[in-house]
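Undergrad: 3D model of this:
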Amino acid sequence: MYPEYICHAAKRVAQNMAGSEMPLYGAELRLPDRKEVIRLISEVRRLMFPAYFGDPSLMTLAPEDYAALLLDRIERQLRRQIELALPEQQAHRAEPIAREFIQCLPRIQATLLKDLDATFDGDPAAQDKNEIIFAYPGLFAIFVYRIAHELYLRKVPMIPRIMTEYAHSRTGIDINPGAVIGEYFFIDHGTGIVVGETSIIGHHVKLYQGVTLGALSPRAGHNSLPGKRHPTVKDNVTIYSGASILGGETVIGENTVVGGNAFLTSAVEANTRVVIHAPETIFKSKTK
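TA: Numbering: from 1, shown residues only. Next up is the predicted model:
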């Protein structure tokens, strides 16, 4: 028998469970397995970069056979998680969605190789591309975003966000799976970057640490009308550390450079340099 204080606390917890708007107890709730979703990320990375993350014993196979083996495994695992994420009456959608996802992977791999080029070209500190694949948080966050985005486009609940929040927890980079991001995307350092759901980012864009592409706080919160809440960043834009760019009507034009700590809620024309006037620094001698 448990002590009285444990019984009292347990009763209160059970009451909270029973009174919650959200289901908190019971085996009937259909949810994807977070560990399995994270394992899927690893499986896709083994497919994309086998020399770095693959099983050496499998790489005795011809490349096409290796790819077929992993694609089959990924499809079966993903289909099961999509079945759990969808409402039961929509579970039949899992198979075609998983098949479409598999067909997207060659294109995603080709895009990631362009992101790899952008990272190497944009960071003089990179010793080589091997180092970037193994160690750079920016490329990892972009990789996870690109696979999660395909599931987001197909209206798969929960799984895309589990994926990008896992990358967020590992890298400090928060890219919503709904964002639209072009090719040759480069994140330098990365910690603290936030890219909101309706952000649109063009090709050859570079973001430094602490950049926020966010929304203006809506008065009605979640009840606000849907629509574009986050900025648009056109091609060949560089945004330096600490800059905050907010609002769905805010468009940063092509070939623009946004300086560190800028705060923008209105559009910037193409070919512009946005510079924040530095605060005055005063030096005082300790002897006076």
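Undergrad: what residue ranges in the stretch 1-150 of the chain are flagged as low confidence?
TA: Counting by pLDDT under 70, the stretch 1-150 of the chain shows low-confidence ranges at 28.
Undergrad: Can you show me the helices along it?
TA: In the stretch 1-150 of the chain, the helices defined using DSSP state H, counting those that start in this stretch lie at 4-19, 34-48, 50-53, 63-85, 94-122, 129-135, 137-153.
Undergrad: Show me what the shortest one is packed up against.
TA: Think helix 50-53. helix 34-48, helix 129-135 (3 or more Cβ pairs under 8 Å, 6 or more residues apart in numbering; DSSP states H and E). For every residue, glycine as well, the C-beta is placed using N, CA and C.
Undergrad: so who does Tyr240 touch?
TA: By Cβ atoms under 8 Å, 6 or more residues apart in numbering, the contact list for Tyr240 reads 208, 211, 257-260, 262.
Undergrad: Which members of these are the farthest-apart pair?
TA: Distance extremes for those: the farthest pair is Val211 and Val257 at 12.7 Å, using Cβ to Cβ.
Undergrad: Which one's more surrounded, those two?
TA: Val211 (27 against 18; other Cβ atoms under 10 Å).
Undergrad: residues contacting Asn271?
TA: Here Asn271 is in contact with 253-256 (criterion: Cβ under 8 Å, 6+ apart).
Undergrad: Can you classify it as helix, strand or coil?
TA: coil (DSSP: H, G, I helix; E, B strand; the rest coil).
Undergrad: Quick check: pLDDT value at it.
TA: Looking at Asn271, its pLDDT reads 98.
Undergrad: Likewise for the one 3 residues further on?
TA: Turning to Val274, the model gives it a pLDDT of 96.
Undergrad: Overlap in contacts, Val211 and Val257.
TA: 239-240.
Undergrad: Name the nearest residue to Arg273, ignoring sequence neighbours.
TA: Leaving aside its chain neighbours, Arg273 sits nearest to Val257 (4.9 Å; criterion: Cβ to Cβ, 6 or more residues apart in numbering).
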